[in-house]
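Asks: What follows is a predicted structure for the sequence shown.
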Amino acid sequence: MDKRLLDILCCPVTRVPVRLLDAGELATLNRAIADGRVHNAAGSRVQHALAAGLMTTDRRTIYPVEDEIPVMLADEAMATAQIEDFQRP
């Protein structure tokens, strides 16, 4: 993803900046998705593993990236609190 785009993106709800998930974070998220433990803000279960994702720098929210396009919609957000294996600082 273009660094210039990352530099201007932020959570549409909190305005907290975002960064790309690293490989370990993405793997943890995808395991939770496969186990059926991840729901988006709209309440729908996330059905498919992500190839990439953006996380707010406060580590509270993840947004999917589909076909290299960030999906920065509030209803598509996933709270990290629902992922018990997700490491928070």
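Replies: Noted; the coordinates are in hand. Residues are numbered from 1 along each chain as shown.
Asks: what kind of secondary structure is the residue nearest to the spatial centre of the chain in?
Replies: The centroid of the chain falls nearest to Ile62 when counting by C-alpha atoms, centre = their mean (2.0 Å). When classified by DSSP: H, G, I helix; E, B strand; the rest coil, Ile62 comes out as strand.
Asks: If you rank every helix and strand of this protein by mean pLDDT, what lands last?
Replies: For the chain, counting by mean pLDDT, DSSP states H and E, helix 3-8 ranks last in confidence among helices and strands (a mean of 86).
Asks: helices and strands around that one, which ones?
Replies: With contacts defined as 3 or more C-beta pairs under 8 Å, 6 or more residues apart in numbering; DSSP states H and E, the packing partners of helix 3-8 are strand 18-20. C-beta here means a position set from N, CA and C on the backbone, and glycine is covered the same way.
Asks: how much distance is there from the strand it packs on to the middle of the chain?
Replies: 9 Å (C-alpha atoms, centre = their mean, to the nearest Å).
Asks: Same question for stretch 52-68.
Replies: 3 Å.
Asks: hmm, back to that, return the set of residues that bridge with the residue nearest to the centre of the chain.
Replies: Following DSSP bridges, Ile62 is listed with bridge partners Met55, Met78.
Asks: Can you check what pLDDT the model gives Gly43?
Replies: In this model, Gly43 is scored at 97, pLDDT.
Asks: And the helices in this protein?
Replies: 3-8, 23-34 (DSSP state H).
Asks: would you list those in a markdown table and tack on mean neighbour count and distance to Gln47?
Replies: What follows is the helices of the chain, written out as a markdown table (neighbours: other C-beta atoms under 10 Å; distance: least, C-beta to C-beta, whole Å):
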| stretch | mean neighbour count | distance to Gln47 |
| --- | --- | --- |
| helix 3-8 | 10 | 26 |
| helix 23-34 | 16 | 8 |
